[in-house]
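Peer 1: Attaching a predicted model along with its sequence, questions to come.
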Amino acid sequence: MFGAHQWSNRNSQGITKQMNLEDIKIDTIEHQLSINSKDRATEYYPNPFNFKITFGDKCLQNIPESKRHANILRRFKYIKYFSVEKVILPDRLVKKFMYITVTIKGIRNDNYHTTSDNNRDAITNLYKTHKSGIFACFEPYVFQKRFAYIEGEINNLLIIFKDPDGNILGDMPLEKYTSDDKSHILINLIIKKPILNH
């Protein structure tokens, strides 16, 4: 991919040096995102299983909490892969399902196929691995864990959990939820960043 490009590096003297493939290496870095739906903007997203997160917003103090999106302070570039590692949900809302699905707008999984018309935008199925108290832990199968990210940089993500029929989990008014009705998702970002060899 990089062999077809010339990379330029301008030094302090203002001299431009053309960089070839042997001058470049790819640094692979993995970041983990811990996302809790209790931090969502409840005015816009009352459902804790259908909410938006943003990246890089550092001036949120003057925004009312109910309108403040769940936010990761850092922005990420050079994203190559994206994976869902683990999801924790309240067992009372999911105990009757064999599995659930997750859709994340902007993320594509070309290896996921389903007969359910309402779940065609999902990226993977999540299966219950164990229960701890009132919460249930879900994980994808190993071969389903890694997905392609199509933008290269994340500004925001819309996360939606659905049942096997494609219905959004817990789709009811905000006042119907308890303080324990929240979702927690662990996401890994795999960054492949081109850097110059010195």
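Peer 2: Structure received.

Peer 1: what secondary structure does the closest residue in space to I190 that isn't next to it in sequence sit in?
Peer 2: Closest residue to I190 apart from its sequence neighbours, by C-beta to C-beta, 6 or more residues apart in numbering: Y81 at 3.9 Å. Using the backbone N, CA and C atoms, a C-beta is placed for each residue, glycine as well. Put simply, Y81 is strand when judged by DSSP: H, G, I helix; E, B strand; the rest coil.

Peer 1: Please look at Y81 and F147 and confirm they touch.
Peer 2: Yes - Y81 lies in contact with F147 (C-beta atoms under 8 Å); the separation is 6.8 Å.

Peer 1: Which one of these two is surrounded by more residues?
Peer 2: F147 (20 against 16; other C-beta atoms under 10 Å).

Peer 1: Across the sheet, point out what pairs with the more buried one.
Peer 2: F82 (DSSP bridges).

Peer 1: can you pull the contacts of it?
Peer 2: The neighbourhood of F147, defined by C-beta atoms under 8 Å, 6 or more residues apart in numbering, consists of Y81, F82, S83, V84, I107, R108, N109, I123, T124.

Peer 1: Out of the residues you listed, which end up buried?
Peer 2: By neighbour count, with 16 or more other C-beta atoms under 10 Å, the contacts of F147 hold Y81, F82, S83, V84, I107, N109, I123, T124 as buried.

Peer 1: and the fourth one, helix, strand or coil?
Peer 2: Classification of V84 using three-state DSSP returns strand.

Peer 1: which stretches of this protein form strands?
Peer 2: Along the chain, the stretches classed as strands by DSSP state E are 7-10, 16-19, 24-36, 50-55, 70-72, 79-90, 99-104, 107-108, 124-132, 135-139, 146-149, 156-162, 184-196.

Peer 1: Give the rounded mean pLDDT of the fourth one.
Peer 2: For strand 50-55, the per-residue pLDDT values average out at 92.

Peer 1: for the second one, same thing?
Peer 2: Here the mean pLDDT over strand 16-19 is 46, rounded to a whole number.

Peer 1: before we move on, back to that, which single one of the buried ones among the contacts of F147 is nearest to F138?
Peer 2: Checking the buried ones among the contacts of F147 against F138 by C-beta to C-beta gives V84 as the nearest, at 9.2 Å.

Peer 1: neighbours around the closest residue to N36 other than its chain neighbours, how many?
Peer 2: In space, and not counting its chain neighbours, N36 is closest to H184: 5.0 Å by C-beta to C-beta, 6+ apart. By the criterion of other C-beta under 10 Å, H184 has 16 neighbours.
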